[in-house]
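Colleague: everything below, folded, please.
(chains A and B)
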Amino acid sequence: MDPMDAIKATYFQECDELLAAMEEGLLAMDAGENDSDTINAVFRAVHSIKGGAGAFGFEPMVAFAHVFENAMDAMRSGKLDPDPEVVKLMLRASDVLADHVLAAKGEGKVDEARGHAMADELAALTAAEPAPGAATGAVAGDEGGDEWGFKPLSFDAAAPAAEDHWRLLMRPSAAMYAKGHDALLFLRELGRLGPIQTTLDTSRLGEFASLTPEESYLAWTVQLPAGIAESAIRDVFDFVGDDCPIELTCIEGAAPEAAPPVDIEALLRSVQPDPSETPLRSDADDKPAAATEKGGAKAAAPGATIRVDLERVDRMIDLVGELVINQAMIAQRVTESGLARSSTVAIGLDELEQLTREIQDSVMAIRAQPVKSVFQRMPRLVREIAGSIGKQVRLVMEGEGTEVDKTVIERLSDPITHMLRNAIDHGLESPAERINAGKSEEGTVRLAALHRSGRIVIEVSDDGKGINRPVVREIAVKKGLIAAEATLSDDEIDNLIFLPGFSTATTVSNISGRGVGMDVVKRSIQALGGRITIASQPGKGSTFTLSLPLTLAVLDGMVVSVGEQTLVAPLTGIIETLRPKPEEVRALGPSSFVLAVRGAHVPLIDIGVALGQRTVPINPTQGVVLLVESEVGGRAALVADEIQGQRQVVIKSLEANFQQVDGVAAATILGDGRVALILDVDTLVEKRLNDRRETQPLAKAS
Amino acid sequence: MENGESLNNTQELISFRIDEQEFCLDIMAVREIRGWTAATPLPHSPSYVRGVINLRGAVLPILDLKARLGLGLVEPSARSVIIVVHIGNRLVGLLVDAVSEILAAERASVQPTPNVGCETVSHFVRGIIASEGRMISWIALDDILPEQEEAEAA
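Modeller: Numbers count the residues shown, from 1 in each chain, chains lettered A, B, ... in the order given. Predicted coordinates:
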């Protein structure tokens, strides 16, 4: 990679983090946290993005960020109240800034009309503030409209008026220049705050022969309007601290310092025998390398983290996966060779197994990421959807710190996006309807993540009207999805929305109704080994619950034999395993059996038959039963021949070289080097249950 | 291949025999040839899908080429071989009785497949190579995997 590209890539990474921090801060402000820390954090984020953009020459981004920064600055100095309207505007501005970052990356385009409108709105915010200095309105905000917001520094001391003003004495030290700072930048920055008058103080400049090239001799006196907050001025020097001592005094009503104009030419002549050489500049020019080094060290120090290529992590995970298989293989060979469990080899192997497991866990932990990276994209999405269909929506997010494996994270975004769209578009009522229903105008959508029994659960709930069951039913009948006279429970009606080709929106909006329905969401989630359920209360809202495995790389499984084959059943779905007694197995209908488990009757499904390995089920009393909880069919009892044990297995995709196989979630490699299939309990049960539904009327009729 | 010209005009092929018929594959598609190991059968799959095996940590589907071409099942023996081929970005193992030779054919000598009114032939035979009185069918691998039942959604 070109070094410049590498630096750019780092800048964009930082931009992403800064944008996230900015949005987080703004959301906190939206929630009422208006403390200066939060406001400052947002300001700093905008400021840093602008700084980098300037360095890379992303002009439109700099221009916009500058206006944004001015507005934030006004807020920071207390001139602009962070009331909800303003914060909402800023949130939208942060979206535009994010667009600018994308555009700079070359991944998107900025809607220019929108950008300009936003810049104008932001500029209006600061411009609307009355200038406390009364005499001139030329405070920061007014300049916000212009690209860079600074004017040539005026060196003639034509004092405008005798009024209150700040007098700032800045005396940059050699140490400041050594770190790569430049006094000119501070003067520009001050110039942005308002009209300034700068006087150069050369009193410390001695004879040329006595000058040390790296010493700093110059000082400046800057006069600023009193309307500027003291903190705003001091913040300019935030970065340098003691390296550039300043004295800030408020002069009340006194005439501006009558400093004689400085004749730069004369000054230069006085210090330089040969004008072509400018030794004064050398101190700043010689040091940039040292300065960047220092800057780099500073940046790395606070969080002890490193950025690693994902590929490297993935490679390591693959290798550890192989190691686990290899270790299991050796263990099996040792057992086969008849060594006693107490032998030193076997004991050593036990330790090796523990170590491998630990290595695997730690490697997996490297990939674990908080769901925040997905969640933080959602507020913007919600704002845009809500804005485009004229609903007022408040998004509440919980559990952003919940960690999931990277493989899962990257596939969460689409289903969550779709579920949120659905909640806002279909779930929430329009403001008028809400008021009629006695609810607050603003609808609430909650997005929560939590860990539950080894899975990650994502909940999207709204306080809208809930699922309109009669309408859903009617549509399903009209579309021929169910028979008109079918009796369905509330749950079953709710689940109709997951059927392919179902869409309840009476008008096709540009939000939903893109031809992708909840059925696609459901299928893509099932493909990940997840499930989705819905709970709805008419008039009170609906909750979609999405549950996914924490990782898609390893799985705790129960190894069973069925006929000749060895299969793995995911442990998460298994409630218990048992050996049924003959009196617990009862026939129901011509060919089905149920198992009595503590008073409940659960359908028995022979795994071998379900996978098409054999046609005649084995007698359940001679096999073992895995009692499973499936998404669609509730509880079911899977019959296997024998249980071999419990093991953590590395998931190998079947799709990589082949294709999806019904009833099989994936494959794994066992200790003997052979491939074993991992059962997809849900589809296995669903398939059997659907068969059963077809035969049910017959059974009733006979 | 000695020089650039031959690279353009000749095609190296790996040939094998199924019963009395000779077939060949483009050698560039072949990644390795390995001995037979018992495969784990896949449920609900066509009979020519023999199952999956472990190829150094990857799950490799094994297709019985004889059955795929409608010539009956191969009885796998210790002498049977698996030709591991690339199909797109997938790796697939083809089970055959034995590999016979590597031959070079002039591109110009490849004849179009005669129409014999058989879908299997028109699907899987890319062309015919006549050499020393023999007829070798050049197999097209593109459609050798079973068709996906549904288009992959999302």
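
Colleague: what residues does the stretch 201-350 of chain A have near chain B?
Modeller: By C-beta under 8 Å from any C-beta of the partner chain, the residues of the stretch 201-350 of chain A that approach chain B are A:318, A:321, A:322, A:325. In this view, the C-beta of every residue, glycine as well, is placed from N, C-alpha and C.

Colleague: quick check: of those, which lies closest to chain B?
Modeller: residue A:322 (5.3 Å; C-beta to the nearest C-beta).

Colleague: contacts only, for that closest one.
Modeller: Counting by C-beta atoms under 8 Å, 6 or more residues apart in numbering or on different chains, residue A:322 touches residue B:57.

Colleague: at 10 Å instead, please
Modeller: By C-beta atoms under 10 Å, 6 or more residues apart in numbering or on different chains, the contact list for residue A:322 reads A:650, A:669, B:56, B:57.

Colleague: going through the residues you listed, which ones are buried?
Modeller: For the contacts of residue A:322, a burial check counting by 16 or more other C-beta atoms under 10 Å in any protein chain shown picks out A:650, A:669.

Colleague: test my guess that residue A:469 contacts residue A:495.
Modeller: No. The criterion here is C-beta atoms under 10 Å, and residue A:469 misses it with residue A:495 at 11.2 Å.

Colleague: sorry, back to before: in strands only, show me the contacts of residue A:322.
Modeller: Counting by DSSP state E, the part of the contacts of residue A:322 found in strands is A:650, A:669.

Colleague: using a markdown table, please lay out the contacts of residue A:322 together with pLDDT and distance to residue A:408.
Modeller: Converted to a markdown table, the contacts of residue A:322 look like this (pLDDT from 0 to 100; distance: C-beta to C-beta, whole Å):
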| residue | pLDDT | distance to residue A:408 |
| --- | --- | --- |
| A:650 | 79 | 16 |
| A:669 | 85 | 22 |
| B:56 | 77 | 26 |
| B:57 | 75 | 22 |
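
Colleague: can you give me the helices in the stretch 551-700 of chain A?
Modeller: Assigned by DSSP state H, counting those that start in this stretch, the helices in the stretch 551-700 of chain A fall at A:607-610, A:681-701.

Colleague: tally of neighbours for the residue nearest to residue A:170 when sequence neighbours are not counted?
Modeller: Closest residue to residue A:170 apart from its sequence neighbours, by C-beta to C-beta, 6 or more residues apart in numbering or on different chains: residue A:246 at 4.8 Å. Close neighbours of residue A:246, defined as other C-beta atoms under 10 Å in any protein chain shown, add up to 17.

Colleague: please apply the same query to residue B:96.
Modeller: Residues lying near residue B:96 (other C-beta under 10 Å) number 21.

Colleague: excluding chain neighbours, what is closest to it?
Modeller: residue B:16 is the one closest to residue B:96 (C-beta to C-beta, 6+ apart), at 4.8 Å.

Colleague: how about stretch A:383-402, which residues are buried there?
Modeller: Neighbour-count burial for stretch A:383-402, counted by 16+ other C-beta under 10 Å, picks out A:383, A:385, A:386, A:389, A:391, A:393, A:395, A:397, A:399, A:400, A:402.

Colleague: wait, the third one touches residue A:444, no?
Modeller: So the one you mean is residue A:386. No. Contact status for residue A:386 versus residue A:444: not in contact, 11.6 Å apart, counting by C-beta under 10 Å.

Colleague: overlap in contacts, those two.
Modeller: A:392, A:393, A:394, A:395, A:428.

Colleague: tell me the pLDDT of residue B:53.
Modeller: Predicted confidence (pLDDT) for residue B:53: 92.

Colleague: on that earlier part again, any idea which of the helices of the stretch 551-700 of chain A scores lowest on pLDDT?
Modeller: Looking at these, the bottom one is helix A:681-701 with a mean of 59.
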